[in-house]
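**Student:** Quick one: sequence and predicted model below, then my questions.
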Amino acid sequence: MTMWRSVLAGFLLVLAGALTVPSAAVAAPSSQVGYVVQTTDAPVPGNETLQPGATVGPGPDIDAPQQPAQGVNPETRKKLWLGGIALALFALVYWRNKKRWAKWKAGRKSG
């Protein structure tokens, strides 16, 4: 019974690590910067100042279409492969050690 708990715990650890990588990529700051412009003498990007009565270009379109998801990042894919390989190696070592322990325990009982 404890074998399945350990395997499940390892699987959940890898799954949690895989799910946190994409969410961190989505939460990265955007390279697009928006500015709020008021009719004051506040500095504007480019070290220019607005003069009273000056006109400002239109702001970004609020209803602009969203960019579709571009698939899985290659770095994320690499991390998932490494996590899967690590999990497989962990399972193989765990299974080997369990067999050795069972053999040792059976030899100790009989002898």
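**Tutor:** Ah, there it is.
**Student:** Sort out which residues of the helix ranked longest in the chain are buried, please.
**Tutor:** Of all the segments assigned as helix in the chain under DSSP state H, the longest by residue count is helix 74-110. Across helix 74-110, burial judged by 16 or more other C-beta atoms under 10 Å covers L80, G83, L87, F90. Placement of C-beta: from N, CA and C, glycine included.
**Student:** who's in contact with the nearest residue to the second one once chain neighbours are set aside?
**Tutor:** Taking C-beta to C-beta, 6 or more residues apart in numbering as the measure, G83 lies nearest to V14, with 4.6 Å between them; neighbours along the chain are not counted. Taking C-beta atoms under 8 Å, 6 or more residues apart in numbering as the definition of contact, the neighbours of V14 are G83, G84, A86, L87.
**Student:** Then P60 would be within a strand, right?
**Tutor:** No: counting by DSSP: H, G, I helix; E, B strand; the rest coil, P60 is not part of a strand but coil.
**Student:** pLDDT at P45, what is it?
**Tutor:** The model reports P45 with a pLDDT of 61.
**Student:** L87 too?
**Tutor:** Reported pLDDT for L87: 95.
**Student:** do A25 as well
**Tutor:** Note for A25: predicted pLDDT of 52.
**Student:** Over to K103?
**Tutor:** In this prediction K103 is given a pLDDT of 91.
**Student:** same question, I62
**Tutor:** So, for I62, pLDDT stands at 78.
**Student:** Same question for the one 10 residues further on.
**Tutor:** pLDDT for V72: 79.
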